[in-house]
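K.L.:
here is my input; please provide its structure:
(one chain, ligands or ions: 4)
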Amino acid sequence: KTAAIVGCPFRCPRVGVDQGPIHLVEAGLVDQLTELGWKVNFDGHHQFEEVNVAADPPIGKLKNPRLVSKVTEAVAKVVGGHAKKGELPVTLGGDHSLAMGTISGTLDAHPDACVIWIDAHADINTAETTDSGNIHGMPVSFLLGLGSPVPEFSWVKPALKPERLVYIGLRDIDAGEKRILKENNIKAFSMHEVDKYGIGRVVEMALDHVNPKRAYPIHLSFDVDALDPSVAPSTGTPVRGGLTFREGHYICEAIWETGLLVALDLMEVNPSLADAASVQQTVTVGCSLVRAALGKQLVRR
Ligand SMILES: N[C@](CCCC[B-](O)(O)O)(CCN1CCC(O)CC1)C(=O)O
Ligand SMILES: [Mn+2]
Ligand SMILES: [Mn+2]
Ligand SMILES: [Mn+2]
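P.N.:
Ligands and ions are numbered 1, 2, ... in the order given. Now for the predicted structure:
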């Protein structure tokens, strides 16, 4: 089995190179996965600087729309390419807007895939509902084809169905997003449900919802801000009251245990925001989550 590491050092807002993916690889992720028995392809980080757009003024409230569109379209091609070769793309971010690309790529190769989105946020704002204009708060709405179309993102096919999406870890949802989740009957397990039922039951209910017969491939999109800031401090939009280290790992282990994982995103590791110790801690936890999702803890598979 081959894992393809797709390094995407892309940050938004304050667009620039996000060193997170570079730190994760420098922390030895390639060797760590090789030790797990994976053949690892890593063709270097995708330098998105060359994706230059002359001028990129906001469109409505959307910030850096043309750059984000070009970068995410490039990621869709890379991830889809690896998936079609039967490899497991492990995309390291970098901004969660990149999931527009990774999930488009996955759905191109696995049209029946379901998406398990681990996040403090729903990332489902449309051009109309966003308050920040930051596209990392919007990828899911584009993937579902919600809201008025934005021409710059016409390449994004609405290939994701609401019944194939489930959230775990939500605790900071905007008013517009609450409406969208309700109107589209999207299943979401917030931190309240995690407390109420425990992570084991929540993961089981989430899988029963999007993958009742365990027949669909799984794309796991993990935003490290789903974890409590005491566990993963170096991230762009931290929110208190998050998942513990073990709850985060349990999700990854349980999804690996299904044998259905076809793509993983490890997003929003942003080392430019914290002191060296906090950065190191966040990078170490990020690498550990990737190992857990690729079979580290489980002996029998
Ligand atoms: N929903 C937010 C955060 C998105 C986080 C993206 B990530 O990938 O990290 O999940 C929050 C918008 N808003 C910011 C100001 C606050 O007072 C209220 C929430 C938005 O910017 O749309
Ligand atoms: Mn971001
Ligand atoms: Mn996110
Ligand atoms: Mn988030």
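
K.L.:
so which bits of this protein are right by ligand 4?
P.N.:
Counting by C-beta under 5 Å from the ion, the chain comes close to ligand 4 at Asp119, Ala120, His121, Asp223, Asp225. (Each C-beta comes from the backbone N, C-alpha and C, glycine too.)

K.L.:
run through who's touching the lowest-mean-pLDDT helix or strand in the chain.
P.N.:
Across the helices and strands of the chain, mean pLDDT, DSSP states H and E gives its lowest value to strand 16-17, namely a mean of 76. By C-beta atoms under 8 Å, 6 or more residues apart in numbering, the residues outside strand 16-17 that reach it are Pro9, Phe10, Arg11, Phe48, Glu49.

K.L.:
contacts only, for the fourth one.
P.N.:
Pointing back at Phe48 there. Cys8, Pro9, Phe10, Val17, Leu67, Val71, Ala74.

K.L.:
as a check, name the ranges of all helices in the chain.
P.N.:
Using DSSP state H, the helices of the chain run over residues 20-26, 29-35, 65-84, 99-109, 139-144, 175-183, 191-197, 199-210, 245-258, 276-293.

K.L.:
what's the spacing between the second one and its chain's center?
P.N.:
Its chain's C-alpha centre lies 21 Å from the corresponding centre of helix 29-35 when counted by C-alpha atoms, centre = their mean, to the nearest Å.

K.L.:
one more: the last one?
P.N.:
Per C-alpha atoms, centre = their mean, the displacement of helix 276-293 from the mean C-alpha position of its chain is 15 Å.

K.L.:
interface residues of this structure facing ligand 1?
P.N.:
For the chain, the residues in contact with ligand 1 (C-beta under 6 Å from any ligand atom) are 96, 119, 121, 123, 125, 130-132, 134, 136-137, 174, 223, 225, 236-237, 268.

K.L.:
okay, now the unreliable bits of the stretch 201-301 of the chain?
P.N.:
298-301 (pLDDT under 70).

K.L.:
now Gly81. Nearest residue, chain neighbours left out?
P.N.:
Distances taken as C-beta to C-beta, 6 or more residues apart in numbering put Gly105 closest to Gly81, at 7.6 Å, once the chain neighbours are dropped.

K.L.:
if we can go back for a sec, generate a ChimeraX selection restricted to the buried entries among the residues of the chain next to ligand 1.
P.N.:
The buried residues among the residues of the chain next to ligand 1 can be selected in ChimeraX (16 or more other C-beta atoms under 10 Å) with this line:
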select :96,119,121,123,125,130,134,136,137,174,223,225,236,237,268
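
K.L.:
who in the chain is up against ligand 3?
P.N.:
His96, Asp119, Asp123, Asp223.
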